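Engineer: Sequence plus predicted model, see below.
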Amino acid sequence: MEKLQDALQKLRIAAGRFMLGRNGMDQLNYALLWAYLILRVVRAVVVAASRSLVIGVVFNVLTDVLLIAMAFRVLSRNLPRRQAENLRWLNWWQRTRRIADGAVKRHRDREHKYYTCKQCGTVCRVPVGKGNIVITCPKCGAKIQAKT
Ligand SMILES: [Zn+2]
């Protein structure tokens, strides 16, 4: 038992030394891993439903690429570049989630209508049932024709 623990301890130290100065797992790599796992499940379902060999191969190539990209990023020693990639991914993900959350909220809201300002992209909320009105964008002052 002690020998096994010794061996495991040595393995841990060796692994730690091997990973020293390498990127390891970051948020982008976890995202790649999740994409890989989800695509594997989707592949199993699609292949079972379609019985198509071609689709199976396409999915295999796709998931292989994801896994290779993740392995490459985990082992990479180019930390500035990997961190920049990770940051770009986080920014994109946050923006996408914010947009998705906003869309869900606007969809549920039956008392207001939403107009996006063509000049500055600000979303303006107006109550429903006021007829034809002109909205003034609170940010840039542009006029928006609205039917409520
Ligand atoms: Zn505006």
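Structural biologist: Yep, it's here. Numbers count the residues shown, from 1 in each chain.
Engineer: Residue 72: how many residues sit nearby?
Structural biologist: 13 (other CB atoms under 10 Å). (Glycine included, C-beta is placed from N, CA and C.)
Engineer: Show the pLDDT at residue 51.
Structural biologist: Note for residue 51: predicted pLDDT of 88.
Engineer: so what's it up against?
Structural biologist: Applying CB atoms under 8 Å, 6 or more residues apart in numbering to residue 51 gives no contacts.
Engineer: ok so residue 113 is a strand residue?
Structural biologist: Yes. Applying DSSP: H, G, I helix; E, B strand; the rest coil, one finds residue 113 inside a strand.
Engineer: what bridges to it?
Structural biologist: Per DSSP bridges, the residues bridged to residue 113 are residue 126.
Engineer: residues in contact with stretch 40-48?
Structural biologist: Stretch 40-48 is touched from outside by 55-56, 59-60, 63, with contacts defined as CB under 8 Å, 6+ apart.
Engineer: let's see it at 6 Å
Structural biologist: Residues from elsewhere that reach stretch 40-48 (CB atoms under 6 Å, 6 or more residues apart in numbering): 55-56, 59, 63.
Engineer: Strands along the protein, start to end?
Structural biologist: For the chain, applying DSSP state E gives strands covering 112-116, 123-127, 132-136, 143-147.
Engineer: Nearest to the spatial middle of this protein, which residue is it?
Structural biologist: In the chain, the residue lying closest to the centroid (CA atoms, centre = their mean) is residue 93, at 4.3 Å.
Engineer: before we move on, the earlier item: tell me the buried residues within the contacts of stretch 40-48.
Structural biologist: Buried subset of the contacts of stretch 40-48 (neighbour count, 16 or more other CB atoms under 10 Å): 56, 59, 63.
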